[in-house]
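Chemist: need a 3D model of the sequence below.
(one chain, ligands or ions: 1)
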Amino acid sequence: MNQNVSKEIKRRRTFAIVSHPDAGKTTLTEKLLLFGGAIQVAGAVKSNKIKKTATSDWMEIERQRGISVATSVMGFEYENFKINILDTPGHQDFAEDTFRTLTAVDSVIVVIDVAKGVEPQTEKLVQVCRMRKTPIMVFVNKLDRPGKETFELLDEIEQKLDLKITPLSWPMGMGNDFKGVYNIYYKNLHLFRGSGQTVEEGIHFDDLSDPELETYLGDAAGNLREELELVHGVYPDFKKDDYLNGEIAPVFFGSALNTFGVKEMLDVFVQIAPTPLGRGCDERFVEPDEDNFMGFVFKIHANMDPNHRDRIAFVRVVSGVFKRNTNYYHVRQNRQLKFSSPTAFMAQKKSIVDEVYPGDIVGLHDTGNFKIGDTLTEGEMLNIKGIPSFSPELFRYVVNADPMRAKQLAKGIDQLMDEGVAQLFTGKHSGRKIIGTVGALQFEVIQYRLEHEYNAKCRYDPITLYKTAWFTSKNKAQLEDFRLRKASQIALDKEGREVFLADSPFSLQMAQEKYADIRFYFTSEFEEEK
Ligand code: G4P
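Modeler: Okay, the predicted model is just below:
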């Protein structure tokens with residue numbers, strides 16, 4: 001591999017910030033962009049969270065979708081590092097979007113509100129990161145407000161998130177008594193002087209027994225010494241490899257709103273966070289420093305202008321260099337495609353690029369060729385692993401409400417499913433179409449978008465359905481018996497794979513007991529049993 005490319009790879013850091021809504025993800029993102037000089041003023045990054053009140057406010061949803069294209073990927077330069085922050089929707093109805101975005105990052109920063117502690121959405125997201133062994137860094141936010149006692153909060157993080165942690169900074173007081181943080185990694189003291197302060201370099205303290213500490217902290221110095229001694233006794237020393245292997249999560253403290261503790265974390269982050277990682281494919285593992293280009297689609301965004309039904313496919317470059325106007329092999333469609341205006345994402349600006357390196361995201365104009373999980377290569381047959389669909393939680397029959405426009409409806413549903421808005425199942429015998437989603441909001445989004453973008457109308461009929469489960473078995477006889485007896489409860493997913501439609505936890509349990517040789521799966525990522 002060419003030296004320049006390998007240098008470009010090494011300086012890239014691609015990550016996502018995840019949190020429960022309101023913990024401070026947007027504020028933190030904005031502050032990181034400020035440090036990178038990507039934006040000049042606070043307030044430039046609009047929160048793309050769809051507020052609870054927006055359930056029936058469609059203009060609001062459209063507006064939010066517009067913002068989320070602009071802020072989907074924010075790339076910027078910071079001290080010779082190229083940083084890519086991938087945005088994730090905060091609203092839990094869009095959790096699946098977030099899960100897919102996590103497949104395109106190399107690490108995550110989890111934001112926790114010091115007063116609220118670990119909240120449900122954070123638990124779910126961290127669980128997915130743990131499954132994938134994604135390196136995690138924790139930022140405890142809002143230290144300018146009163147919150148949970150530090151050791152208790154850390155216990156809560158360890159227990160609820162099932163994470164081993166080690167603090168790399170330590171707060172002194174909180175709320176009105178917040179004095180600042182001591183950076184354990186760099187051995188720096190950072191003093192908090194309230195809002196509106198400029199960021200200053202830390203004051204270096206190799207030896208905390210130095211009486212000079214008193215001149216900065218007064219009586220609080222003794223307290224800091226004691227607490228840090230406890231920290232050293234309780235938590236393991238930080239080892240970069242443990243973090244990179246996803247075994248230990250370093251914790252930082254600060255206040256995003258006051259730009260406090262943010263630069264400090266960023267400085268450590270760029271040093272320790274992983275450089276672009278390779279990705280597993282069904283065929284083999286692809287390393288970032290391979291000469292040939294490989295990338296995969298993790299997100300598709302429809303154009304909001306109904307007159308131009310093109311979309312942007314977001315491709316994570318895994319290996320090699322993506323080049324403009326070059327033929328690439330679309331593995332699923334077995335054809336060559338060329339892109340004349342690939343887009344790079346630098347902060348909020350989109351611009352056409354000629355070359356894109358591993359770790360970066362490139363936006364490709366798409367007229368309906370892509371779906372999530374598709375791979376592009378220079379000719380090799382490679383199928384990316386690990387972009388799962390999960391069993392949806394809510395289901396409805398989807399019915400055509402305008403018989404004259406059946407074709408438009410079918411096309412619209414097909415494209416929305418490719419975008420990953422929801423999942424479609426078709427009853428094997430009945431042929432009835434079932435839409436499954438993670439949140440209630442999607443049903444309304446689908447209806448609205450079908451009407452506005454595809455000029456088609458649908459209505460929903462209720463269905464009693466608890467879960468869909470993909471299934472396999474080596475026991476062919478049992479599989480046949482199951483298919484026969486449960487015929488009315490078997491549907492096909494969009495890839496034509498069979499799923500069992502369990503109408504209640506009880507019926508699922510009965511099926512599992514009666515058909516002991518059949519394995520049921522709740523995510524689509526499973527190895528087929530031959
Ligand atoms: P999110 O993206 O995770 O949902 O959170 P966001 O950054 O939008 O922050 C949620 C609220 O918390 C915002 O207030 C924000 O100003 C506040 N916040 C973020 N960081 C801190 C911090 O360090 N200290 C304090 N005290 N507050 C913080 P809001 O009133 O809900 O929104 P806004 O009207 O100010 O935008």
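
Chemist: C-alpha only now, for contacts and for neighbours.
Modeler: OK.

Chemist: and the helices in the chain, which stretches?
Modeler: Using DSSP state H, the helices of the chain run over 3-10, 25-35, 58-70, 95-102, 120-132, 150-161, 212-217, 220-234, 240-244, 262-272, 406-418, 441-454, 476-485, 505-514.

Chemist: the nearest residue to residue 158 once chain neighbours are set aside - how many residues pack around it?
Modeler: The shortest distance from residue 158 to any non-neighbouring residue, by Cα to Cα, 6 or more residues apart in numbering, is to residue 164 (5.8 Å). With neighbours defined by other Cα atoms under 10 Å, the count for residue 164 comes to 19.

Chemist: cool, and residue 222?
Modeler: Here the number of neighbours of residue 222 (other Cα under 10 Å) works out to 15.

Chemist: can you check residue 312 too?
Modeler: Other residues close to residue 312 by other Cα under 10 Å number 22.

Chemist: in contact with it, which residues?
Modeler: Residue 312 sits next to 300, 301, 302, 303, 363, 364, 365, 366 when contact means Cα atoms under 8 Å, 6 or more residues apart in numbering.

Chemist: again, but for residue 402
Modeler: Applying Cα under 8 Å, 6+ apart, the residues near residue 402 are 456, 457, 458.

Chemist: which ones among the residues you listed come in contact with the ligand?
Modeler: Filtering those for proximity to the ligand by Cα under 6 Å from any ligand atom leaves nothing.

Chemist: out of those, who has the most neighbours?
Modeler: Highest neighbour count within the contacts of residue 402, by other Cα under 10 Å: residue 456, with 25 neighbours.

Chemist: ok, the residue nearest to residue 406 when sequence neighbours are not counted to the ligand distance?
Modeler: The spatially closest residue to residue 406, leaving aside those adjacent along the chain, is residue 400, at 6.6 Å (Cα to Cα, 6+ apart). To the ligand, residue 400 is 37 Å away according to Cα to the nearest ligand atom, to the nearest Å.

Chemist: what about residue 400, how many neighbours?
Modeler: Neighbour count for residue 400, taken as other Cα under 10 Å: 16.

Chemist: wait, it touches residue 458, no?
Modeler: Yes - counting by Cα atoms under 8 Å, residue 400 does reach residue 458; the two are 4.7 Å apart.

Chemist: identify the contacts common to the two.
Modeler: Between them, residue 400 and residue 458 share these contacting residues under Cα under 8 Å, 6+ apart: residue 409.

Chemist: coming back round to it: what's the closest of the contacts of residue 312 to the ligand?
Modeler: Set against the ligand, the nearest of the contacts of residue 312 by Cα to the nearest ligand atom is residue 301 (20.6 Å).

Chemist: quickly list what the closest one is bridged to.
Modeler: Counting by DSSP bridges, residue 301 is bridged to residue 312.

Chemist: can you pull the contacts of the residue nearest to residue 158?
Modeler: So residue 164 contacts 158, 247, 248, 249 (Cα under 8 Å, 6+ apart).

Chemist: the residues you listed: which ones sit near the ligand?
Modeler: Okay, of the contacts of residue 164, nothing touches the ligand (Cα under 6 Å from any ligand atom).

Chemist: the residues you listed: which two are farthest apart?
Modeler: 158 and 247 (11.9 Å; Cα to Cα).

Chemist: how about the helices of the chain in TSV, adding mean pLDDT and distance to residue 314?
Modeler: Output for those, formatted as TSV (pLDDT from 0 to 100; distance: least, Cα to Cα, whole Å):
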stretch	mean pLDDT	distance to residue 314
helix 3-10	92	19
helix 25-35	89	20
helix 58-70	58	10
helix 95-102	82	10
helix 120-132	87	20
helix 150-161	96	30
helix 212-217	85	49
helix 220-234	92	42
helix 240-244	96	25
helix 262-272	93	24
helix 406-418	90	13
helix 441-454	86	20
helix 476-485	95	38
helix 505-514	94	37
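
Chemist: compare the ones you listed and give me the one nearest residue 497.
Modeler: helix 476-485 (12.9 Å).

Chemist: buried residues, that closest one. List them.
Modeler: Within helix 476-485, the residues scored as buried using 16 or more other Cα atoms under 10 Å are 478, 479, 482.

Chemist: quick check: residues of the stretch 201-350 of the chain near the ligand?
Modeler: When proximity is defined by Cα under 6 Å from any ligand atom, the stretch 201-350 of the chain lies next to the ligand at 255, 256, 257, 258.

Chemist: ok, and the most crowded of these?
Modeler: Going by other Cα under 10 Å, residue 256 tops these with 27 neighbours.

Chemist: hang on, the earlier thing: what's the closest of the helices of the chain to residue 431?
Modeler: Taking Cα to Cα, helix 406-418 is the member of the helices of the chain nearest to residue 431, at 13.3 Å.

Chemist: give the residue spans of the protein that score low on pLDDT.
Modeler: Low-confidence segments of the chain (pLDDT under 70): 1, 38-71, 90-94, 194-202, 303-309, 347-350, 388, 525-530.

Chemist: which parts of it belong to which domain?
Modeler: The chain breaks down by automatic domain parsing into domains covering 15-68+106-272, 279-377, 394-521.

Chemist: can you tell which of these is closest to residue 7?
Modeler: Among these, domain 279-377 comes nearest to residue 7, with 10.2 Å by Cα to Cα.

Chemist: and the closest one, how far out from the chain's middle?
Modeler: In terms of Cα atoms, centre = their mean, to the nearest Å, the gap separating the centre of domain 279-377 from the centre of its chain is 18 Å.

Chemist: for stretch 20-31, same thing?
Modeler: Taking mean C-alpha positions (Cα atoms, centre = their mean), stretch 20-31 and its chain are 14 Å apart.

Chemist: grab the nearest non-local neighbour of residue 429.
Modeler: Using Cα to Cα, 6+ apart, the closest residue to residue 429 is residue 488 (6.4 Å).

Chemist: sweet, I'm off.
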